[in-house]
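Asker: starting from these lines, generate the structure:
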Amino acid sequence: MSGPGDRIRLLAPAESWAEAFPLGNGSSGAMLHCLPGRDLVELSESTCLSGSSPSPVPPTGAPGAFHEARALTLAGNYAGAEAAIGRFHGERGDYGSNLPLARLRLTYAIPEGGFRAYERSLSLDEALASWSFESGEARHERAAFLSRPHGVLVIRARARRPAGAIAAGADCAL
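Answerer: As a prediction, this is how the structure comes out:
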């Protein structure tokens with residue numbers, strides 16, 4: 001059940017990356033700019049990192065460090081527990097930052113006169129971004145989500161009246 005705090009609703013398109021809506025599924029991510037006439041989607045993926053991979057071998061003292069951290073936490077020695085957890089994780093490497101993967105641009109033919117009644121929202125419970133606007137006689141609606149089981153970004157675009165109101169193109173810059 002969602003309440004009023006579970007949805008972000010804005011009445012203007014994103015002007016910058018910081019205003020774009022984020023979507024993610026644990027391994028893939030997207031920043032949606034939700035622009036009338038042009039949807040810009042900046043994609044990322046968990047294996048695109050600027051740093052080095054951690055060592056695949058776990059530290060030999062991990063089980064003991066875990067139990068030590070638990071005992072120290074129960075005793076109220078939080079600084080000691082934090083040090084023990086550091087031994088549980090082993091050596092920290094340079095994991096770096098998540099890097100952009102690609103930019104996907106979807107373009108739509110919008111009649112002269114621009115757009116009106118623009119709205120976009122991000123449902124935190126459903127991990128669903130949606131945006132809509134009116135142009136000419138048509139009401140344009142878009143929705144997007146990232147599916148973890150299927151490993152895909154889904155964007156639905158539709159227009160209500162008149163028939164043929166969606167004319168679209170796509171390009172992707174890596």
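Asker: show me the shaky parts of this protein.
Answerer: Applying pLDDT under 70 to the chain flags residues 1-5, 51-59, 89-96, 111-113, 162-165.
Asker: which residue lies farthest from the center of the protein?
Answerer: Relative to the centre of the chain, the most outlying C-alpha is that of Ala75, 39.4 Å out, by CA atoms, centre = their mean.
Asker: and the residue nearest the centre of the chain, what element?
Answerer: The chain has Leu23 as the residue nearest its centroid, 2.3 Å off, counting by CA atoms, centre = their mean. When elements are assigned from DSSP states H and E, Leu23 belongs to strand 21-24.
Asker: quick one: list the elements packing against that strand.
Answerer: In terms of contacts (3 or more CB pairs under 8 Å, 6 or more residues apart in numbering; DSSP states H and E), strand 21-24 is packed against strand 28-32, strand 116-123, strand 138-147. Quick note: C-beta positions are derived from backbone N, CA and C, even for glycine.
Asker: which of those strands sits most buried?
Answerer: Among these, strand 28-32 has the highest mean neighbour count (mean count of other CB atoms under 10 Å), at a mean of 21.
Asker: and the helix or strand following that strand, which residues are buried?
Answerer: Using DSSP H and E, the helix or strand that directly follows strand 28-32 along the chain is strand 38-49. Residues of strand 38-49 classed as buried under the neighbour-count rule (16 or more other CB atoms under 10 Å) are Asp39, Leu40, Val41, Glu42, Leu43, Ser44, Glu45.
Asker: cool, and stretch 77-92?
Answerer: Ala81, Ala84, Ile85, Arg87, Phe88, Gly90.
Asker: can you add secondary structure and distance to Gly151 and give those residues back as CSV?
Answerer: Converted to CSV, those look like this (DSSP: H, G, I helix; E, B strand; the rest coil; distance: CB to CB, whole Å):
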residue, secondary structure, distance to Gly151
Ala81, helix, 37
Ala84, helix, 37
Ile85, helix, 32
Arg87, helix, 35
Phe88, helix, 31
Gly90, coil, 30
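Asker: from these, which is closest to Ser135?
Answerer: Ile85 (54.6 Å; CB to CB).
Asker: from Ala75, how far off is the closest one?
Answerer: Going from Ile85 to Ala75 by CB to CB, to the nearest Å gives 15 Å.
Asker: now swap in Glu19 and tell me
Answerer: With CB to CB as the criterion, Glu19 and Ala75 are 47 Å apart.
Asker: and for Cys48?
Answerer: Distance, Cys48 to Ala75, by CB to CB: 42 Å.
Asker: tell me which of the buried residues of strand 38-49 is nearest to Ser97?
Answerer: Ser97 lies nearest to Ser44 out of the buried residues of strand 38-49, by CB to CB, at 10.0 Å.
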